[in-house]
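Asks: Build me a structure from this.
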Amino acid sequence: MDQADFHYYEPSKGHGLRHNPFNAIIAPRPIGWISSRNAAGRLNLAPYSFFNAFLYDPPIIGFSSISWKDTVKNVSETREFVWNLVTMDLGERMNVTATPLDHGVSEFEAAGLTPIPGRHVAVPRVGESRAAMECKVVEVSQLANARGEKVEGWFVLGEVVAVYIDKTLIEDGVYNTALARPILRAGRGGDYLEVRTENMFEMKRPAGSSKPEFHGT
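Replies: This is a model prediction of the structure:
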């Protein structure tokens, strides 16, 4: 392709499109549906579109927030949180938990979700979610730009200390991602994608490119 075939822009000077393409290009992205509590015991549940896994051993996951929201404040205080899998059947209720609510109003109650007490953290998971991970906070840091100037963004990393999986999603000892029908963020204000069995394919990894104990055989 010739250079003229590309739309080129420098973020600091604007993208020149009707909608910022950044989060539509880096897509699809798993949803960080994070439950937390503050030091006083008040619960919070919110979705984050900047979320992913970062390490196998120990297992570490993380999310970022574009402002100092309740979740970041909570995990900074208690050093704990739970990630909950968002599936197609929970999409609408996940969306409800993104609604700004009056102080003291529970997102669990507003979305009709069941808080199930954690085993290793004092934070509940979403009972209706088919997979969840209890986490202990490793790091909470404010992001900075290339000049070293602090920006309105915070990054949270957590070590996974307990995992819950709906047994119907496990086949012959292997977790089947598509069976859960997870949904992922795909950019713009409200674009999502659903993972389905017919859309999955396998690509064999080159020998020596990974550790078998992590990826299986």
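
Asks: Going by C-alpha atoms from here, please, whenever you check contacts or count neighbours.
Replies: Fine.

Asks: Helix or strand: which one has the nearest residue to G91 once chain neighbours are set aside?
Replies: Closest residue in space to G91, ignoring its immediate chain neighbours: I183 at 7.4 Å, by Cα to Cα, 6 or more residues apart in numbering. Taking DSSP states H and E as the definition, I183 sits inside strand 183-185.

Asks: After that strand, which helix or strand is next?
Replies: strand 192-194.

Asks: Report the distance from that next one to the chain centre.
Replies: 14 Å (Cα atoms, centre = their mean, to the nearest Å).

Asks: Could you tell me which strands sit next to that strand in the sheet, and their orientation?
Replies: Sheet pairing of strand 192-194 (DSSP bridges) gives strand 183-185 (antiparallel).

Asks: Run through the bridge partners of the residue nearest to G91.
Replies: Counting by DSSP bridges, the residues bridging with I183 are E194.

Asks: quick revisit: Provide the contact partners of the strand holding I183 at residue level.
Replies: With Cα atoms under 8 Å, 6 or more residues apart in numbering as the contact definition, strand 183-185 has outside contacts at 27-31, 49, 86-88, 91, 191-195.

Asks: all strands for the chain, in order.
Replies: 29-30, 32-37, 43-48, 51-55, 60-65, 80-84, 115-116, 125-126, 131-144, 150-165, 170-171, 174-175, 183-185, 192-194 (DSSP state E).

Asks: R188: neighbour count?
Replies: 13 (other Cα atoms under 10 Å).

Asks: Compute the number of surrounding residues for the residue lying closest to it once chain neighbours are set aside.
Replies: Of all residues not flanking R188 in the chain, A24 sits nearest, at 6.3 Å (Cα to Cα, 6+ apart). A24 has 16 neighbours, counted by other Cα under 10 Å.

Asks: which residues does A24 contact?
Replies: Here A24 is in contact with 186-188 (Cα under 8 Å, 6+ apart).

Asks: And it, what's its pLDDT?
Replies: For A24, the pLDDT comes out at 93.
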